[in-house]
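Q: just a sequence and a predicted model for now, questions to come.
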Amino acid sequence: MERDCRKGPGRAIIAIVMVTMFMAGCTSSSKPVKWPTRNEFIPKGAVKMTPATDLSPPVLHSAAWQTPVPMPAPISSAGAEDSPYMTPDGKTFYFVFVPDVSIPPEKQLAQGAAGTWYSTKVGNNWTSPQRAKLEKDPTTALDGCPTVRGNTLWFCSVRNGGYREIDLYTATIGDGKFTDVKNAGKRINKEVQVGEMDFSPDGNEIYFHNDKLGGKGKEDIFVTKNVNGAWQDAVPVDAINTADTDGWPFITQDGKELWFTRWYQGTPGVFRSIKNDTGWGSPELIISSFAGEPNLDAQGNIYFVHHYYKNGMMIEADIYVCYKI
């Protein structure tokens, strides 16, 4: 699938969930549900990209972190890994996976392998990724943009019964299972129009991006506050937003840093704003060259998605990490 890099990191994956051909109704079957493996639909001739074969490797602009490197196998594959979310303790890693970005979205949907996956850390090693089973049949919904708060997984999804084409949903995490899956509600989805998001440490604010609420440009970052149990109307984060794309926010656990994606010299880059006495400070560039959707663990290691391009086409994506020095 050809991807316009101006649409933002993760959109190569999230664009899949914008396909509504199945919303009119899916065929039912009495056959047992088959959950594909992650490698099942990766093309047989796919060659795993590496830093040595990368035409536009990510560029680090700070001395506080080590040079970015891909997350090791079994996280990285010859398919596309995107939309990273590392839990603060660094022990569970969520991401969105698509085995073959070159095929039409409807075929990716029919294969059933595209969606949210996760891996847990045992010792110094990551376990083989497992599918986060957030629906009864993997061909009836497409899920992405995972965020975790406590024992609740928040995620984007297209499925029957939503308020928008892409709605936010929640699921309870426990014993390797995801239960009580439900729509995040009319207020969050239709009225406030929360997009890809993250919570403030106290849970009373949601930072998110949206391109339909007005603002300075394309995607802009907004915040909604919970007052007496009710989410308030969204307010733009003017200190961050520009006339270009600003989105995919992440708030560090101390609440002092806002990380996000902004374009730099024609491709997505990772930026950081530090909170001061008057609010969010002037953003600084941390990583450039097809880098986006930043996420940090409690140790300050940066996880982000890096897209590989050739002749204007995205051919793969990996999750990279910059370890804190």
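A: Thanks, I have it. Keep in mind the model is a prediction, meaning the values are calculated, not measured.
Q: going forward, measure contacts between C-alpha atoms and count neighbours the same way
A: Noted.
Q: relative to whatever helix or strand residue 198 lives in, what are the paired strands and their orientations?
A: Residue 198 is part of strand 197-199 when elements are defined by DSSP states H and E. Sheet pairing for strand 197-199, assigned by DSSP bridges, gives strand 205-210 (antiparallel).
Q: what does the strand it pairs with rub up against?
A: 193-200, 219-226, 246-250 (C-alpha atoms under 8 Å, 6 or more residues apart in numbering).
Q: among those, which ones are buried?
A: Among those, the ones that count as buried by 16 or more other C-alpha atoms under 10 Å are 193-200, 219-225, 246-250.
Q: can you tell me which of those end up in strands?
A: 197-199, 220-225, 246-250 (DSSP state E).
Q: where along this protein do the helices fall?
A: With DSSP state H as the criterion, the chain has helices at 11-14, 105-111, 186.
Q: how close does the closest residue to residue 138 other than its chain neighbours get to residue 177?
A: The shortest distance from residue 138 to any non-neighbouring residue, by C-alpha to C-alpha, 6 or more residues apart in numbering, is to residue 112 (4.8 Å). Separation of residue 112 from residue 177 (C-alpha to C-alpha, to the nearest Å): 18 Å.
Q: who's more crowded, these two?
A: Under the neighbour definition other C-alpha atoms under 10 Å, residue 112 and residue 177 were set side by side, and residue 112 has more, 21 against 12.
Q: from what I see, that one and residue 135 are in contact.
A: No: Residue 112 is beyond contact range of residue 135, at 11.0 Å (criterion: C-alpha atoms under 8 Å).
Q: how about the strands in the stretch 1-150 of the chain?
A: 59-60, 69-70, 80-86, 92-98, 115-122, 125-126, 130-131, 142-149 (DSSP state E, counting those that start in this stretch).
Q: deepest in the core, which of those strands is it.
A: strand 80-86 (a mean of 28; mean count of other C-alpha atoms under 10 Å).
Q: and it, what does it pack against?
A: For strand 80-86, the packing partners by 3 or more C-alpha pairs under 8 Å, 6 or more residues apart in numbering; DSSP states H and E come out as strand 92-98, strand 142-149, strand 291-296, strand 302-310, strand 313-322.
Q: contact partners of that strand?
A: So strand 80-86 is contacted by 9-10, 13, 92-101, 144-148, 293-297, 303-305, 316-319 (C-alpha under 8 Å, 6+ apart).
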